[in-house]
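>>> need coordinates for the below:
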Amino acid sequence: MNPRFAFALLPLALAAGVASAQDASPAGDPKATEQWTPVPPVVTPGRSDAAPPSDAIVLFDGRNLDQWEASKDHSPARWKVHDGVATVDKATGNIQTRRRFGSYQLHLEWRVPEGITGDGQARGNSGVFLASTGPGDEGYEIQILDSYRNTTYVNGQAASIYKQAPPRVNAMRPPGQWQSYDIVWTAPVFGADGTLKSPAYVTVLHNGVLVQDHVRLAGETFYIGQPKYKPYDRAPIKLQAHGDPSQPISFRNIWVRPLD
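A predicted model of the protein is given here:
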C-alpha cells in the first residue's frame, strides 16, 4: 500500500482496534488507546532559522507574554520570561493566546533541558493544542516530549497527533537543542445545529522534516477514551504546563498566520 494512504487510514484503524475501550472518563484505561508499533524510523534534521513572515502575528518574540493568558481564569500569563525564552511554570498552569483562530499556519520552537532525566511520558512532557476548547487539556494536541532515544507509545511521542497518529519519522534533536514545529491547521467546520460538516486536518514539519501530511483527525485528542468532535467556532492556541517542574520546557519564536 502507498505509505501516504496508509498513514491517512491510520486514525480509522486505531478507532477500529480499540472500539471496545471505555468512553473518555477518569475510570477508563489510558493504555487502551496507546499504540507501540510500528516504531517510526529516526532521521537527522537539518538546521533552519525561521524568521516571521511579513504578514504573521507574532505571539512571542522573547520579550513578554502580552499575547497570552492563563487558560484557567484568563488572567495574564505568568510563565517565566528570561533570556529571550518563556519557560513553563507548572504552578500557574496552561497558557493560551488571547486571540481566537480558525485555520492557520503556526511556527514555534521548544527545548527540553540538557541532562533531562526520566523516561517515557515523564520526560519533558508538554503539548501545543491547536484549538483549545476548554480550560484543561481539551482540544486538539500535537505532543511535545523528549523523544530522543526515549521509548514510549508511538502515538504519544514528539510530533504525534496525541493518541491518534504517530509521526512518519522521529526527527528529534538531542536534549538541550532547540526543536521547531511548523504546522498547518485546517479547523473543523460545524453546522448551525452542531453537526460536523468538515473534519479537522493537520500537517506538521518537525525540524523541517514532514512528519504529519494533511492527516484527518477523528476528533479531539484525549488521554483516556476515543476521539470525538465537540462543536466550537474559533479557539485559542494553548501551550501545556504538563512537564516535571524541575525539568521545565522552554519556548521561543512563536508566530501564526491566519488562513481564513
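
>>> shaky segments in the stretch 101-250 of the chain?
Filtered on pLDDT under 70, the stretch 101-250 of the chain yields the residue ranges 243-246.

>>> got the end-to-end distance for stretch 224-233?
With CA to CA, to the nearest Å applied, stretch 224-233 spans 25 Å between its terminal residues.

>>> can you show me the helices along the protein?
3-17 (DSSP state H).

>>> CA-only coordinates of stretch 118-135 in CSV, if you can.
Output in CSV follows, covering the C-alpha atoms of stretch 118-135 (Å, rounded to 0.1, in the frame of the first residue of the first chain):
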residue,chain,number,x,y,z
GLY,A,118,13.1,10.2,33.4
ASP,A,119,11.7,8.1,30.6
GLY,A,120,8.6,7.6,28.6
GLN,A,121,5.9,10.2,29.1
ALA,A,122,7.7,11.5,32.2
ARG,A,123,10.5,13.2,30.1
GLY,A,124,9.8,16.8,29.2
ASN,A,125,6.1,16.3,28.6
SER,A,126,4.1,19.3,27.1
GLY,A,127,2.0,19.9,24.1
VAL,A,128,0.6,22.5,21.7
PHE,A,129,-3.2,22.5,21.5
LEU,A,130,-4.1,23.8,18.0
ALA,A,131,-7.6,24.6,19.2
SER,A,132,-8.2,24.8,22.9
THR,A,133,-11.9,24.0,23.6
GLY,A,134,-11.7,24.1,27.4
PRO,A,135,-9.6,25.3,30.4
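
>>> for that stretch, which positions count as buried?
121, 123, 124, 125, 126, 127, 128, 129, 130, 131, 132, 133 (16 or more other CB atoms under 10 Å). For every residue, glycine as well, the C-beta is placed using N, CA and C.

>>> ok, stretch 86-99 next?
For stretch 86-99, by 16+ other CB under 10 Å, it's 86, 88, 90, 92, 93, 94, 95, 96, 97.

>>> got the residues you listed as CSV, with pLDDT and distance to residue 111 columns?
Compiled in CSV, those are given as follows (pLDDT from 0 to 100; distance: CB to CB, whole Å):
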residue, pLDDT, distance to residue 111
86, 98, 11
88, 95, 11
90, 91, 16
92, 94, 19
93, 94, 20
94, 96, 18
95, 98, 17
96, 98, 20
97, 98, 20
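
>>> make a markdown table out of these and add distance to residue 184.
Shown next, in a markdown table, are those (distance: CB to CB, whole Å):
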| residue | distance to residue 184 |
| --- | --- |
| 86 | 23 |
| 88 | 25 |
| 90 | 30 |
| 92 | 30 |
| 93 | 28 |
| 94 | 23 |
| 95 | 22 |
| 96 | 20 |
| 97 | 17 |
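
>>> inside strands: which ones of these?
86, 95, 96, 97 (DSSP state E).
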